[in-house]
Structures are given as C-alpha cells and as structure tokens.
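[1] Predicted model follows, preceded by the sequence.
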Amino acid sequence: MSAKAAKPRGVRMLEWLCVAVVLLAVADVVVTAKVLSLGGHEANPVAAAALSSAGIAGMVALKSLAMVVFLAIIAVLRHRTMRGTRLLAAVGVAAQLAVVAVGLTIIPRLQAVAGEYREGVAAIERVEQSLAERQTERRLSNDDALMLET
C-alpha cells in the first residue's frame, strides 16, 4: 500500500477557503431568516425576489445556486492559476463574511425595536383595559342612578 501523497499547501488553503465560503453562505441564510423574523427585510433585490416568490426555500435555492456557480468557477480556474484562484476564493470569503457581519449587527437593533414595540403594545392594552373598566363602572353607575329614580 502506498501512502497517500500530501496535498500542496496552496491546494489545502484553497479547499479551506471554499469550505469557509459555503459555511458563511449557510450562516447568511440563517442570519437572514432571523432578521426577517424580527421584522427586517432583505436588502439584496434578487434575494428579496426569491424570498417573496418562494419564502426561505427560495433564498436557500438562490444561495445554493450561487455556491454551485462559485465552486464551479473555482474548479475551472484552479487548473490555470492557483494563486489567482486562491485570491478569488479569499474575496468570496471576505464578501460572505461582510454580509453575515452586517446581518449580525442588525439583529440586536431589531430586537431592541421589537422589545420597544412589545412594551408599546402592552401599554396600549393596559390603557384599553383601563378604559373598558371605566366604561363598565359608568354603566353600573348609570344603572344605579336609574334604579334610584324609579
């Protein structure tokens, strides 16, 4: 049995960059789903169209297609220039990382707004309850006054 030959360093780096791009694409879908659940919206018009037509499944399909195309380009280019291909993969990682980072910064702000919204709704419900109690008291008071008159 022959020992498996070690992959060149540049090939290993390219593989890890591709894994990172795919993992960040998954993270992007997860972060987008969270942002949407908090009342946010998708800023990318193509992704927004996929979301509006097919929901989160549309987003997953779009992201999957983008990853297939990206990895196909990487596979074709790696036979021509390893250095340029690694650079392209690194740019892909940076772009995906930026998108995920922006989403992660939006989530706490949306959560704060959602908390303020819930507090506002609770305050409105308390006021409505108080008004309903006052109306009930007035009706009872009017009923008592009518009973005294008769």
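    Cool, got the structure. Since this is a predicted model, take the numbers as computed values, not measurements.

[2] Need the nearest residue in space to I73, chain neighbours excluded.
    By the measure of C-beta to C-beta, 6 or more residues apart in numbering, the closest residue to I73 outside its immediate chain neighbours is L88, 7.3 Å from it. (Each C-beta comes from the backbone N, C-alpha and C, glycine too.)

[3] Now do the host helix or strand of the one you found: distance to the chain's middle.
    L88 is part of helix 82-149, with elements assigned from DSSP states H and E. Going by C-alpha atoms, centre = their mean, to the nearest Å, the spacing between the C-alpha centre of helix 82-149 and its chain's C-alpha centre is 17 Å.

[4] So which elements touch that helix?
    With contacts defined as 3 or more C-beta pairs under 8 Å, 6 or more residues apart in numbering; DSSP states H and E, the secondary structure elements packing on helix 82-149 are helix 9-37, helix 45-77.

[5] what angle do that helix and helix 9-37 make?
    Orientation check (axes from the mean of the first three to the mean of the last three C-alpha atoms, to 10 degrees): helix 82-149 against helix 9-37 gives 10 degrees.

[6] what pLDDT, on average, does helix 82-149 get?
    Taken as a whole, helix 82-149 has a mean pLDDT of 86.

[7] begin at 416 from here
    Will do, 416 is the new start, and the previous item becomes helix 497-564.
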